[in-house]
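J.: I'd like to go over a predicted model; first the sequence, then the structure.
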Amino acid sequence: MFEPSSRPFIRWIRHTASVPKGFLRYYVLKLLKDKPMSGSEIMEEVGKETGGRWKPSPGSVYPLLAWLQDNGYIKEMPKEEGGIKRYMLTEQGEKLFEEQVKLKEDLRKKLELLAPPFFSGFWFAHPEKLQEIREPVRRFVKALFNLTMAVEENLTEPTLKEVGGFLNSTAEKIEEMSKKLKERG
């Protein structure tokens, strides 16, 4: 569990970890690129793919679907038995999705540059003494960030098992080292 001193950080993460503006549009386009879906199917799939951490509300999905349809990015499929209204991407929608993919990649590159300085806040205590490990920490954070992106692009069961095993092993080593250093102090 988290140390009491880490609680403000946890609250900060929860507060700032909301879904970025425009992310729902990207996600809806991504899902509709794979297959036609209804609004409720989109909400369920997002919930499933995010492990229940995020399930967009009808108040965000349906207005977005209406906007995408009004602007020619998606079109309604003929209603099936049971009156389910599904949508599919148009050619214009596929172009918009490709633009969104490019924007996501550009954002990823910017975040990759920001991640090491963001995670190096603890350097303020003794910057001169910590100089020796500054570059390894930067490389570690950048590698972890890139690993996250690579997993997202190759989301298969074997990949998840391999990466999960590696991360658990690495976390155990870091935890052991942290415990050992605390016992020295």
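T.: Right, received. Where do you want to start?

J.: need the next SSE after the helix or strand of the chain with the lowest mean pLDDT, C-terminal direction.
T.: The helix or strand of the chain with the poorest confidence is helix 7-16; it has a mean of 45 (mean pLDDT, DSSP states H and E). Downstream of helix 7-16, the first helix or strand assigned by DSSP states H and E is helix 23-34.

J.: Run through the neighbouring helices and strands of that next one.
T.: Packing partners of helix 23-34 (3 or more CB pairs under 8 Å, 6 or more residues apart in numbering; DSSP states H and E): helix 39-49, helix 58-70, strand 87-89, helix 91-119. Every residue, glycine included, has its C-beta placed from N, CA and C.

J.: Next, the buried residues of stretch 57-66.
T.: In terms of neighbour count (16 or more other CB atoms under 10 Å), stretch 57-66 has its buried residues at 61, 64-65.

J.: thinking again about what came up before, quick one: closest of the helices and strands packed on helix 23-34 to Leu29.
T.: Using CB to CB as the measure, helix 91-119 is the one of the helices and strands packed on helix 23-34 that comes nearest Leu29, at 4.1 Å.

J.: tell me the mean pLDDT for the closest one?
T.: Averaged across helix 91-119, pLDDT comes to 75.

J.: next helix or strand past it?
T.: Sequence-wise, the next helix or strand downstream of helix 91-119 (DSSP H and E) is helix 131-153.

J.: before we move on, back to that, quickly name whichever of the buried residues of stretch 57-66 is closest to Glu172.
T.: In terms of CB to CB, no member of the buried residues of stretch 57-66 lies closer to Glu172 than Val61, at 40.0 Å.

J.: per-residue confidence at the closest one?
T.: Looking at Val61, its pLDDT reads 93.

J.: where in this structure is pLDDT low?
T.: Low-confidence segments of the chain, defined by pLDDT under 70: 1-21, 107-130.

J.: how about a cut-off of 50?
T.: Residues of the chain that meet the criterion pLDDT under 50 lie in 1-6, 9-17, 123-124.

J.: Test my guess that Glu76 contacts Arg86.
T.: Yes: counting by CB atoms under 8 Å, Glu76 touches Arg86, with 7.5 Å between them.
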